[in-house]
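Visitor: build me a model from this:
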Amino acid sequence: MIVLENLTKSFVTPNGRKYVARDVNLIIPNGKAVALLGRNGAGKSTMLQMISGTMSPDSGRIIRQGSISFPVGFAGSFHRDLTGAQNARFVARIYGVDTDDMLDFVADFASLGGHLHMPVRSYSSGMKSRLAFGISMALRFDTYLVDEVTSVGDSSFRARSAAIFKARMQHSSAIVVTHSRKEVRNLCNAGAVLENGSITYYDDVEEAIAAHLANMRNSR
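Guide: Okay, here's the model as predicted:
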């Protein structure tokens, strides 16, 4: 379970202060794969970073129960001058798992070939995302944070990503950011809509999609 208590986060922009969260109170229950929906620039990735603990709110707090993954797809989680393989081994040591098992899983899943042994700074954004998703899925978390990763790669890779994600969801929870409604319906069973600094949770993912689409129509 993840609890947001009086959470506020904002940034100063040329057009004034932009609120990602304004005094938000929300409970995200266990056992759910929650689609985090919102228009471009609403702050979905920022919200994931706050939940993971890699970014601090301006005020309020986040209560986390159980282990939470780093934001999958967040390029800042890698050392650019290390190879993909070295980054995988480093993460394995941090989380106390066997480094060879981690590397074997990532090599098989991410399908990076020889690039796995090249510096991450040479990777495309898609390659970084595949590496991040592979490393994350090699680890067991109570809650996975996923940011636009399951749409990366060809159809075969996307199918494998969805399959392993669903397998992990048998025993874990997730918060998923994706712009693909097909992916939302395929991967998620609940939703939360981020709009103008407020978040509304829906136990039915179809209700969340409908609310998000209504927000988009009203902004035209």
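
Visitor: centroid-nearest residue for this protein?
Guide: In the chain, the C-alpha nearest the mean C-alpha coordinate belongs to residue 146, at 2.2 Å (CA atoms, centre = their mean).

Visitor: distance from whichever strand or helix holds that one to the middle of the chain?
Guide: If you go by DSSP states H and E, residue 146 is part of strand 143-147. Relative to its chain's centre, strand 143-147 lies at 3 Å (CA atoms, centre = their mean, to the nearest Å).

Visitor: who are the packing partners of it?
Guide: The contact analysis (3 or more CB pairs under 8 Å, 6 or more residues apart in numbering; DSSP states H and E) places strand 143-147 against helix 44-52, helix 125-138, helix 155-168, strand 173-177. The way it works is simple: take the backbone N, C-alpha and C, and place the C-beta from them, glycine included.

Visitor: and the gap between the residue nearest to the centre of the chain and residue 123?
Guide: Distance of residue 146 to residue 123, computed by CB to CB, to the nearest Å: 19 Å.

Visitor: next one: residue 212
Guide: Between residue 212 and residue 123 the computed distance is 31 Å (CB to CB).

Visitor: out of these two, name the residue with the larger neighbour count.
Guide: Comparing residue 212 with residue 123 by other CB atoms under 10 Å, the one with more neighbours is residue 212, at 24 against 21.

Visitor: what ranges of this protein fall below the confidence cut-off?
Guide: Filtered on pLDDT under 70, the chain yields the residue ranges 73-77, 149-154, 219-220.

Visitor: now the helices for it?
Guide: Assigned by DSSP state H, the chain shows helices spanning 44-52, 84-95, 99-110, 125-138, 155-168, 181-187, 205-218.

Visitor: relative to strand 173-177, how tilted is the first one?
Guide: The reference is to helix 44-52. Helix 44-52 and strand 173-177 are oriented at 150 degrees to each other (axes from the mean of the first three to the mean of the last three CA atoms, to 10 degrees).
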